[in-house]
Structure formats: structure tokens, C-alpha cells
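Student: sequence first, predicted coordinates after that:
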Amino acid sequence: MNTIYGHRHLIWFFKELFEMTDRGIKYKGKEYSWDDIQKIKRAPGSYAINLCYPGAIIYLNDGKKIWLNGRVFTKAGEKPKFNIWSFLSGESREFIELFEFIKQKREI
């Protein structure tokens, strides 16, 4: 189930963030289990800022943080997809699905 996630900018430019595996995620050459994820939460900021730049932060147990931009977050080889609700919130379907998946894995 290895899936590479990242941000797609200007339709063509994909920047890899991490790879999700069955055991957790690989980030910057290091493997993290699901237990190594301390929490995931929506990015701080005002409501108006989050409408323009929706996102989340994944906090890892070694102090590293993975910043997710909800508007351009997608899988490698794909463009960000939006349904009606995600279009209104500015968050791609992949972003919403990943956010909920990690919350369920960690029950946080």
C-alpha cells in the first residue's frame, strides 16, 4: 500500500512530502510508525486565513512537523481532486481522507 503524497503546484510541479506504508510513514529518509505520530491538527490561524490557505500539521515524536497544504495536497501522479464540500472548504479530497485516516489510526 505504499503511496507517495505531496503538493502539486502550478499543475505540473509535484513536491514529495512523505510516503505512506502499512506500518506508518516515511519522511525525510526516516520511517515513523503510527505510534510515532503524536497528533494531527488543522493549521492554526484565523478563519479567513484558513479559507485561503487550508492545511494541517502532523506532529512527530522526534519534534519534526509535516505541514500539509490542503489546497494542493495530492498523491503522486495525480492532480488534487475536489468534490462540492472540499471545493467550498478549499481542501482536496486526498487531504480530507488522509486527515481522517491518520486520526482513526492514532485515535487522536
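Tutor: The structure has been received and is ready for your questions.
Student: contacts and neighbour counts: CA atoms only from here.
Tutor: Noted.
Student: tell me the contacts of the closest residue to Ser33 other than its chain neighbours?
Tutor: Sequence neighbours aside, Gly24 is the residue nearest to Ser33 in space, at 4.3 Å (criterion: CA to CA, 6 or more residues apart in numbering). Gly24 sits next to Glu31, Tyr32, Ser33, Trp34 when contact means CA atoms under 8 Å, 6 or more residues apart in numbering.
Student: give me the low-pLDDT residue ranges for the chain?
Tutor: Segments of the chain classed as low confidence (criterion: pLDDT under 70) are 1, 44-53, 83-89, 107-108.
Student: ok, 50 please
Tutor: By pLDDT under 50, the low-scoring segments of the chain are 46.
Student: the helices in the protein, which residues?
Tutor: 47-52, 84-89, 93-106 (DSSP state H).
Student: can you tell me which residue is spatially central in this structure?
Tutor: Most central in the chain under CA atoms, centre = their mean is Leu68, positioned 4.5 Å from the mean C-alpha point.
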